[in-house]
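Novice: fold the following for me, if possible:
(one chain, ligands or ions: 2)
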Amino acid sequence: MKDSNCIFCKIANGEIPSRTIEENDMFRVVLDVGPATKGHALILPKDHYRNLFDLPEETAAEAIKMAKKVALKMKDKLGCDGVNIVQNNEEAAGQTVFHFHMHVIPRYKEDGQVIGWRPGQPTGEELDAIAEELK
Ligand code: AMP
Ligand code: ZN
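Specialist: Ligands and ions are numbered 1, 2, ... in the order given. I've put the predicted structure just below:
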């Protein structure tokens, strides 16, 4: 299923031109137009899913396989020193385009990018309580 108002549906299905680096039946992989680093790519399913919460398990499994393929290609062709896989779900988590996508971000020593978080300092008891909540 596609969403006629969704820009990533249009890109994934070739209705809007993109800089495609990989494609198969399920996904198109395109360069991000606001890249964190050289080669930053987005894995876009051709069907519309808002985010991880409604992504079918099979699509999720195939997406990580595609991420691995793209990461290896970045290492081989761009000579990157590492790769971040980033995937945001809902506004609170930084999602801005509401069509599931996985960022594959090549990293280069001293590229100066910051992709991360400020680590908290919970007590052991606090961690135990959270683990209980999540079991
Ligand atoms: P997120 O914040 O995880 O929803 O990421 C959305 C990403 O989509 C951002 O990194 C944008 O730079 C990227 N983006 C938005 N519009 C386009 C577009 N038309 N083509 C390629 N990338 C896009
Ligand atoms: Zn869509």
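Novice: make it CA atoms for all contacts and neighbour counts henceforth
Specialist: Fine.
Novice: list the contacts for the residue most central in space within the chain?
Specialist: Compute the mean C-alpha point of the chain, and by CA atoms, centre = their mean the closest residue is Met102, 1.5 Å away. Contact partners of Met102, counting by CA atoms under 8 Å, 6 or more residues apart in numbering, are 42-44, 63, 67, 85-88.
Novice: could I have the buried ones of those residues as ChimeraX selection syntax?
Specialist: ChimeraX command restricting the contacts of Met102 to the buried ones, with burial defined by 16 or more other CA atoms under 10 Å:
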select :42,43,44,63,67,87,88
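Novice: how about the residues of this protein by ligand 2?
Specialist: 6, 8-9, 48, 99 (CA under 5 Å from the ion).
Novice: in helices only, show me the residues you listed.
Specialist: The members of the residues of the chain next to ligand 2 that map onto helices under DSSP state H are 8-9.
Novice: mind listing what's buried along the longest helix seen in the chain?
Specialist: If you go by DSSP H, the chain has its longest helix at helix 57-78. If you call a residue buried by 16+ other CA under 10 Å, then helix 57-78 has these buried ones: 63, 66-67, 70-72, 74.
Novice: same check, this time on stretch 29-41
Specialist: 29-32, 36-41.
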